[in-house]
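1. turn this into a structure:
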Amino acid sequence: MIACRSKRPKSGSYPARKQQTQMKQTTFTFLLFATIALVSCRKDNYGPTIREYDEDQIKSYISTNGITGMTRDTSGIYYNISNAGTGAAIDYSDDISVVFSVRSVDGKYVSTDTISNHFQEFAGHITNINRPLGIGVPGVQLAIHNIINHHGGAAHIIVPSRLAYGVSGAGSGSSSLTSGRIAGNQSLDYYIHIVDNQAAYDVASIKRYLANNNLTSVMQYDPAGFWYQISTPGTGTVPITDNSTIGVTYTASIFNGLVVDQYNSTPAQSFDVPDLIQGVQIALKKYATAGALIRIIMPSSLAYGKTTAGLVPANSCFRFDVQVVSVAP
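-> Below you'll find the model as predicted:
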């Protein structure tokens with residue numbers, strides 16, 4: 001009996017088969033748990049890439065807002081050309097005049113005032129220096145050059161967040177104060193117009209402003225390119241010339257009603273006539289003496305032109321209401 005116990009079992013005997021079965025079960029169990037762990041890990045840590053995130057965000061925004069007619073560019077920008085433009089193709093070296101509106105897809109940042117949303121810059125410099133919030137992003141530069149592509153063109157553009165302000169967002173504010181801030185990972189919805197003929201655009205803007213403010217019948221047009229209204233004729237006898245120093249009270253504003261400069265105190269504010277913007281100089285020399293109350297509405301070319309001046313955006317038409325108090329030769 002002792003000798004029988006010491007013998008090795010024959011091949012295929014019960015103990016050997018049992019050992020093999022246990023090894024197979026152990027291996028299967030390990031693989032099963034490894035697979036479950038792997039699947040669980042993938043599920044718990046799943047996150048879309050930024051391209052996938054932007055794509056889902058934009059598609060949801062388009063669907064929610066009933067937007068139609070959009071085409072997707074290879075960069076991920078969605079667009080709909082509303083005006084193909086008849087001007088020359090845009091090169092990065094072109095100095096362009098842009099009017100725009102913008103809103104974030106979460107609806108928390110909205111800037112749709114096309115009077116204040118003007119800028120003038122080389123097409124290749126849009127992202128190089130500070131711009132109005134919402135415009136100075138790579139996606140806008142790409143859209144202007146690659147999609148709109150012509151002077152006079154206009155389009156509805158949706159820029160993915162990775163081509164906008166990315167994860168950091170831009171501006172200042174908080175979750176409850178968002179008027180001056182674009183949150184992180186926000187795609188941006190734009191209407192962009194590349195102005196081909198600034199003079200014609202200004203005239204159209206002035207005529208629309210006159211009509212909207214019931215001024216069409218009371219304003220007169222001067223061949224120098226501005227409109228004027230003499231509310232009170234001057235009583236002075238000294239003409240206003242380039243050599244004059246005038247004392248005035250005044251209110252200066254742009255077409256959204258924003259007052260950009262004002263002086264209504266005594267004594268009157270003194271100016272040498274050559275220091276005034278061109279449209280005001282011409283109008284006062286032609287139509288005013290001491291005592292005159294005159295309103296002047298002028299295109300951007302007779303105001304600050306392409307220059308951003310304080311609260312006045314580039315290419316802004318201008319309204320100047322002025323009372324001439326005194327004139328010194």
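
2. so residue 91: helix, strand or coil?
-> Put simply, residue 91 is coil when judged by DSSP: H, G, I helix; E, B strand; the rest coil.

3. that one reaches residue 123, doesn't it?
-> Yes - counting by CB atoms under 8 Å, a contact exists between residue 91 and residue 123, whose distance comes to 6.8 Å. C-beta: built from backbone N, CA, C; applies to glycine.

4. A helix includes residue 215, no?
-> No - with three-state DSSP as the criterion, residue 215 is coil rather than part of a helix.

5. tell me who's in contact with it.
-> Under the criterion of CB atoms under 8 Å, 6 or more residues apart in numbering, the contact partners of residue 215 comprise 209, 229, 297.

6. and if you look at residue 162?
-> 50, 51, 54, 76.

7. how about it, secondary structure?
-> Per three-state DSSP, the local secondary structure of residue 162 is helix.

8. repeat for residue 53
-> When the structure is reduced to helix, strand and coil (three-state DSSP), residue 53 reads as helix.

9. return a ChimeraX selection command for the buried portion of the contacts of residue 162.
-> The following ChimeraX selection, which keeps only the buried ones among the contacts of residue 162, applies the criterion 16 or more other CB atoms under 10 Å:
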select :54,76
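
10. for stretch 156-173, measure first residue to last.
-> Using CA to CA, to the nearest Å, the span of stretch 156-173 from its first residue to its last is 27 Å.

11. now stretch 69-77
-> 13 Å.

12. list the buried residues of that stretch.
-> Buried residues in stretch 69-77, counting neighbours by 16+ other CB under 10 Å, are found at 76, 77.

13. ditto for stretch 180-195
-> Of the residues in stretch 180-195, those buried by neighbour count under the rule 16+ other CB under 10 Å are 181-183, 185-195.

14. what about that stretch, start to end distance?
-> Using CA to CA, the distance between the terminal residues of stretch 180-195 is 26 Å.

15. so for it, mean pLDDT?
-> Stretch 180-195 shows a mean pLDDT of 96 in the predicted model.

16. what does stretch 152-166 give?
-> Stretch 152-166 shows a mean pLDDT of 97.

17. just stretch 104-124 next, same as before
-> The predicted confidence, averaged over stretch 104-124, sits at 94.

18. and stretch 156-168, how far out from the chain middle?
-> Using CA atoms, centre = their mean, to the nearest Å, we find the averaged C-alpha position of stretch 156-168 to lie 11 Å away from the chain's own average C-alpha position.
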